[in-house]
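Undergrad: This is a predicted model, with the sequence first.
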Amino acid sequence: MNRFQLLVTVSFLIIPTFISATTDTEQAAKDVCKCLEEPYSEASKALELINNADESGELSKILSSQEELMKIINTSQKCLENLYIKYPEINKDTTLQAEVITITDETCPNPLNEMTFPDRKAIQ
């Protein structure tokens with residue numbers, strides 16, 4: 001086998017892997033977004049609870065909103081665990097994981113990223 005044949009053979013072996021990896025990260029991000037639809041919807045509701053609790057200052061409302069946030073975080077974590085089972089190559093590669101997270105953040109942003117906390121000076 002000459003060098004040209006070797007190069008062509010290696011190219012045919014490597015290029016589909018890169019194409020597959022790209023497709024897998026895009027599909028994985030779509031799968032994550034689909035899985036996160038309900039938790040993100042609940043997160044928006046929880047943000048409303050938090051804002052109302054902050055305004056009212058009622059401890060029970062604040063605790064209730066924190067419980068809702070914990071449920072959302074747990075459900076979101078489960079989505080990622082399922083992703084790693086479905087896409088074991090992503091589970092093994094932190095670069096692919098970062099790519100999936102970037103695509104996911106662009107495609108379906110986390111509503112909790114919009115969360116603002118009250119100014120400590122205003123509280124004191």
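TA: Nice, I can see it.
Undergrad: ok, now how distant is the nearest residue to Ser64 once chain neighbours are set aside from Leu36?
TA: Of all residues not flanking Ser64 in the chain, Leu49 sits nearest, at 6.5 Å (C-beta to C-beta, 6 or more residues apart in numbering). In short, each C-beta sits where N, CA and C put it, glycine included. For Leu49, the distance to Leu36 equals 19 Å [C-beta to C-beta, to the nearest Å].
Undergrad: The two - which one has more neighbours?
TA: More crowded of Leu49 and Leu36, by other C-beta atoms under 10 Å: Leu36, with 20 against 17.
Undergrad: which SS state does that one fall under?
TA: Here Leu36 is helix, with the state taken from DSSP: H, G, I helix; E, B strand; the rest coil.
Undergrad: hang on, it packs against Cys108?
TA: Yes: with contacts counted by C-beta atoms under 8 Å, Leu36 reaches Cys108, the gap being 6.1 Å.
Undergrad: Could I get the CA-only coordinates of the one helix or strand Val100 maps to as CSV?
TA: Following DSSP states H and E, one finds Val100 within helix 94-107. The C-alpha coordinates for helix 94-107 follow below in CSV (Å, rounded to 0.1, in the frame of the first residue of the first chain):
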residue,chain,number,x,y,z
THR,A,94,-15.4,16.4,28.2
THR,A,95,-14.9,18.4,25.0
LEU,A,96,-18.1,16.8,23.5
GLN,A,97,-19.9,17.4,26.8
ALA,A,98,-19.0,21.1,26.6
GLU,A,99,-20.1,21.2,23.0
VAL,A,100,-23.5,19.7,23.9
ILE,A,101,-23.9,22.1,26.8
THR,A,102,-23.1,25.1,24.6
ILE,A,103,-25.6,24.0,21.9
THR,A,104,-28.2,23.3,24.6
ASP,A,105,-27.7,26.7,26.1
GLU,A,106,-28.1,28.4,22.7
THR,A,107,-31.1,26.3,21.7
